[in-house]
Each structure stands twice: as structure tokens, then as C-alpha cells.
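A.B. asks: My questions concern the predicted model and sequence given below.
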Amino acid sequence: MKYLLLLLPAVIIAKSISIIGTADLQGALEPSIQRVVLDGNKTKAEVGGIARVATLYSKLKKQNPNSVIVSSGDDLMNSYFHIFKGKAILSLMSDAGYEILAPGNHEFDKGIDTFAKALDEVKFTTLCSDLEVSKSPLKGKCKEYLIKDFNGTKVGFFSLITKDLLTTSSVKDITFKGDNVEVAKKMIALLKSKGANVIVLVSHIGYKEDIKLAKQVKGIDLIFGGHSHGYTDRISHYNKTAIVNGGELGSYVIKVDIPIKNGKADKKNISMQKILVSSKIEPNKQIAKKLAKFKEKLPKTIVLGTTKKEWNMNSRFVRKNESTVTDMINDLMRKKYRVDVVLNNSGAFRGNKIYPKGNITNKMLKEIDEFANSAYLLTLKGKYIKEILNHSGEQYGKGGFMQVSGLKYSIDLKRNVNNRLIDAKILQNGKWVEIKDNKDYKVLTNAFIALKGGDGYYWFKKYGTKAQNTYATFYSIMAEELNEKKELTPKEADGRIKVIH
């Protein structure tokens, strides 16, 4: 009897899955000078650039073909976004090798239509796990989940976006399917039912929220996060979930290796590399050539809108008077974030010149927001707000002099320098009322004040509660308003700050 020997192809099980990528690229397609760690020392160096990132991704993919390139959002920002409406940034990211995008809030800064149209240029998968998009232009362009099969090891991906999306960006016809915990539990169950052995969340909710989620939800092997703008130098572990953050501006690429043991993630041995995108990396020629074509069409200054009145940003004026320009910007922030009070030190507003009426350009806004200040939310009791305003009187003529919204206050320069505040009221339900000492008020300030106690304002850090960084800069807030209204014209001074000489 003859026996037929049937040879079946051997099944090669993936030994390790690599999740590689960035967060908060912010339209930084070209290399830039950043403060980084180079050869063990902190220094300024030219890093980043989409062409170098592409070369690095190609190299890492060759090292481990079982890799997935991800972005955790906020890639659509700045000049290339203003001019090309997402086409340049997303198409170059697609060419560079990105396979998954979990959008951030800034993807929606020019509206859903703009974002959706930009996705026509890409080959990667966009995830919107927690968003109901069926009645929006993103219908059919945004998936609830993605499963990639690596020789029998199925890796399931889902996304989460910041809960502030609906209040911080130009979003219509979109709703949330539930809160972070609710959606995560649903997606984990769904991915497991589809046979996923490894579950990865590509998140744009911020590092603190990632940790909070991991503590409440089991079953996520890795959270690759964004929105916090910071790099994690090592992996954090909560409830058997590994957490990393992709940083910002593409200065580094984060590579997470997930060993596979018995078909599942070997959680104890998950490792991470933070790889500098240095000038030693040869740029991808095709990507560099395509970027150069976009750059040729990029004007030196970009007109974002107009103003019918001049903007007086002379520092000698702004640090001693009510400024109609800072009134306008602070009012814009108070309306956008629905807070009671905005308190921003006058030194946060730069430029130090008078901008004539006419065009408002990106250069002009960048000069005014020289420090790229982030709007920061917190809660303060009324008695501390009054102490802050009294300190503002002491800071008269300096960068610590407070420009406000939702408040009006008076200082008397003839009084003792530590006791110049003579009156302060807050706007509540359309009426000016006394500030109540023990009442909690929602406050917006900037990260310099909130995190560092800048200009001596220790009250925010010491007594502030429910602190939250919006990660929206003064620049991005003004640019978004201009995108919608095409005009930002200061109103007349309304007497919110009175100085008695």
C-alpha cells in the first residue's frame, strides 16, 4: 500500500507585535529645532520631519513585519492645515506609512466637511469608536474598530477622543455613543467576540484620563495615547494595561513591543523604545519631494481673516490698562469653555506693537501667542479670586497685571502696594454681583499661571481644583474663530478694569 504524504504549510505564529507611532504631530511636516536628549545630554537640535519619520517607519517595519503604525491625533494644525485643509498633512502621513488614525479634537478645527474631504487622500484606517457619525460627512470614512491578523494572532484596535470635542471644536451632526468606560467595555467585548487576542486602544483623551480608564476597565493590553503633548520615558502599568504617550511634533517615534505567549499578550514583558527622529536619519526622497511641492505653494504669511480696528498690543499699554484686544480674546475663551471667569496675565499676550486694521495673519497670531500658551481650566473659590485681583494691583505695569473676562475690578495706585483692590464684581446671569468668598467659580487661565504659579500667582496651583489642560493654545482658539467668522474686531473698552492714579 502506498501512502500519500500530504505536506501542509507551517503556520508561523507571531512572536512579537510592534505598535509604532506618534501623537499630536500638529502639522509639523518639516524638521524643527527642539530641546531633546541627544547622546545622553539635553540640547537643542534639528529633529522630526515627515520624510525622516517615513524612513524610520520603513526600517522598523523591516525589523518586525508584525508592526502597525498609528497616530493618536491632533495632526491637522498650523500652516499646512490653513492652506491645504488637511490634504497635505494626511496624504503625506499616509505615504509615510501610517495605518491607523485616531482623530483628535484639532482634526475638526475647520469643520467635519474639511476633515472628511482630507480623508479622501489617504490609505490608512480612521477610527471613531466612540462617535456616532452616521449623519455626518464622516459616514463610511470612519470605522468603529479594526482587526489585523498576524499569522493567527489577531490584534484589535479601537479609539477614544477627548470628551471636550463638542465644546472645543467645530463639530456638528456628531454625538458620543457613551462615556469612556462605557464605550471601552463595549469595544473590548466586541473585539473579543471577533477573535481578537490582543487589544490596543489608540487614545486621544490625555494621559491622566488614560490612567483613570485603565483603573476602571480590564482587558486592554496597550493604550497608545495622545492629547497630553508629553512623552512617556517608560511604560506605566495599571490593572494589567500598559500605557504610553506619543508626545508631540514628531520629535520622537514611540515603539512598543508586545511579546506573544500562548496566543496572547505577554503583559509582563511589554517594552518600549523612544526613538529620536534625528538629522542622522536620511529623509525618504519621494516624501521629501512631495513635501517640497506643497511648500512651494505655501505663502510666507497666511491671511486668516480681517479686523476693522487696529490691535494695540504694545506691552507698555497692555500692562497698565484694560486692553480691548485681550478683552476680545478672553471673552472668546470664556464663551468657548463656558467658564465664569477668565484670568490671564498681560505678559501672556505678546507682539509689543500696534497691528493696523486689515488682514489678520498666522504670523500676527503667533507673535501675540509667542509662548504657545495653553488654556487651562480649574475651579477656585471667590475669596482666592479677590486675592488674585489684589495681587494684580501689585503687578500694575508688569507682566503679572491681570486681563480678565466675566469680571470687573478697580485698583487704586495711591494705596499701599499690597492693598490696591478697592472693588470687584462678577458677571452672573447677565448681572454684576458681589464675588462670594466660599462659592466655587469655573476659571480659565493659562498653563504658565496654573502649573508654575507664574508672576507670583500661587493661588491657582495651591487652591485650584478640577484642574484640566485643554491643550488648546491662544493661537488655535483665535484661528478657529477666524475660520468660522472670518473677522476678529475688538469692541470698545467696557470699563472692566479701572485704574485710579
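C.D. replies: Everything's here; your move. Only a predicted model underlies this, so the values are computations on that prediction, with no experimental measurement involved.
A.B. asks: Alpha carbons of the lowest-mean-pLDDT helix or strand in the chain, as PDB, please.
C.D. replies: Least confident helix or strand, the chain: helix 165-168 with a mean of 78, by mean pLDDT, DSSP states H and E. Only the C-alpha atoms of helix 165-168 are listed here, as PDB (Å, rounded to 0.1, in the frame of the first residue of the first chain):
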ATOM      1  CA  LEU A 165     -14.600  67.600  21.500                       C
ATOM      2  CA  LEU A 166     -18.100  69.000  21.200                       C
ATOM      3  CA  THR A 167     -17.200  72.200  23.100                       C
ATOM      4  CA  THR A 168     -13.700  72.800  21.800                       C
END
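A.B. asks: Going along the chain, name the helices of the stretch 1-150 of the chain.
C.D. replies: 50-63, 78-84, 87-96, 112-118 (DSSP state H, counting those that start in this stretch).
A.B. asks: Point out the most buried one among those helices.
C.D. replies: helix 87-96 (a mean of 23; mean count of other C-beta atoms under 10 Å). The C-beta positions use only the backbone N, C-alpha and C, and glycine is treated the same way.
A.B. asks: Please state the offset of stretch 96-115 from the chain centre?
C.D. replies: How far stretch 96-115 lies from its chain's middle: 12 Å, per C-alpha atoms, centre = their mean, to the nearest Å.
A.B. asks: first vs last residue of it, how far apart are they?
C.D. replies: One end of stretch 96-115 to the other measures 19 Å (C-alpha to C-alpha, to the nearest Å).
A.B. asks: Ok, stretch 130-149 next?
C.D. replies: With C-alpha to C-alpha as the measure, stretch 130-149 spans 23 Å from end to end.
A.B. asks: So for that stretch, what gets flagged as buried?
C.D. replies: By neighbour count on 16 or more other C-beta atoms under 10 Å, the buried set for stretch 130-149 is 130-131, 133, 136-138, 141-146, 148.
A.B. asks: again, but for stretch 329-342
C.D. replies: Those would be 329, 330, 331, 332, 333, 334, 336, 337, 339, 340, 341, 342, for stretch 329-342 by 16+ other C-beta under 10 Å.
A.B. asks: Residue ranges of each domain in this structure, please.
C.D. replies: The record's domain split for the chain, according to automatic domain parsing, is 16-296, 303-500.
A.B. asks: Just name the most buried of those domains.
C.D. replies: Of these, domain 16-296 is the most buried (mean count of other C-beta under 10 Å), at a mean of 20.
A.B. asks: Now intersect the buried residues of stretch 329-342 with the strands, please.
C.D. replies: Those of the buried residues of stretch 329-342 mapping onto strands are 341, 342, per DSSP state E.
A.B. asks: which among the buried residues of stretch 329-342 gets closest to residue 217?
C.D. replies: Ranked by distance to residue 217 (C-beta to C-beta), the buried residues of stretch 329-342 are led by residue 337 at 27.8 Å.
A.B. asks: Please name the nearest non-neighbouring residue to the closest one.
C.D. replies: residue 444 (5.5 Å; C-beta to C-beta, 6 or more residues apart in numbering).
A.B. asks: again, but for residue 224
C.D. replies: residue 202 (5.2 Å).
A.B. asks: same question, residue 490
C.D. replies: Of all residues not flanking residue 490 in the chain, residue 324 sits nearest, at 3.8 Å (C-beta to C-beta, 6+ apart).
A.B. asks: residue contacts, residue 384?
C.D. replies: Going by C-beta atoms under 8 Å, 6 or more residues apart in numbering, residue 384 touches 459, 463.
A.B. asks: would you say it is within a helix?
C.D. replies: Yes. Read with DSSP: H, G, I helix; E, B strand; the rest coil, residue 384 is one of the residues of a helix.
A.B. asks: 53 is where my numbering starts, stick with that
C.D. replies: Let's use 53 as the start, then, which means that last one is residue 436.
A.B. asks: and the gap between it and residue 136?
C.D. replies: 45 Å (C-beta to C-beta, to the nearest Å).
A.B. asks: for residue 175, same thing?
C.D. replies: 18 Å.
A.B. asks: next one: residue 508
C.D. replies: Distance from residue 508 to residue 136, by C-beta to C-beta: 43 Å.
A.B. asks: what's the answer for residue 375, then?
C.D. replies: In terms of C-beta to C-beta, residue 375 sits 34 Å off from residue 136.
A.B. asks: Now do the closest residue to residue 299 other than its chain neighbours, the pLDDT please.
C.D. replies: In space, and not counting its chain neighbours, residue 299 is closest to residue 283: 3.8 Å by C-beta to C-beta, 6+ apart. On pLDDT, residue 283 comes in at 89.
A.B. asks: So residue 283 is in contact with residue 302, correct?
C.D. replies: No. Between residue 283 and residue 302 there is no contact under C-beta atoms under 8 Å: 11.3 Å.
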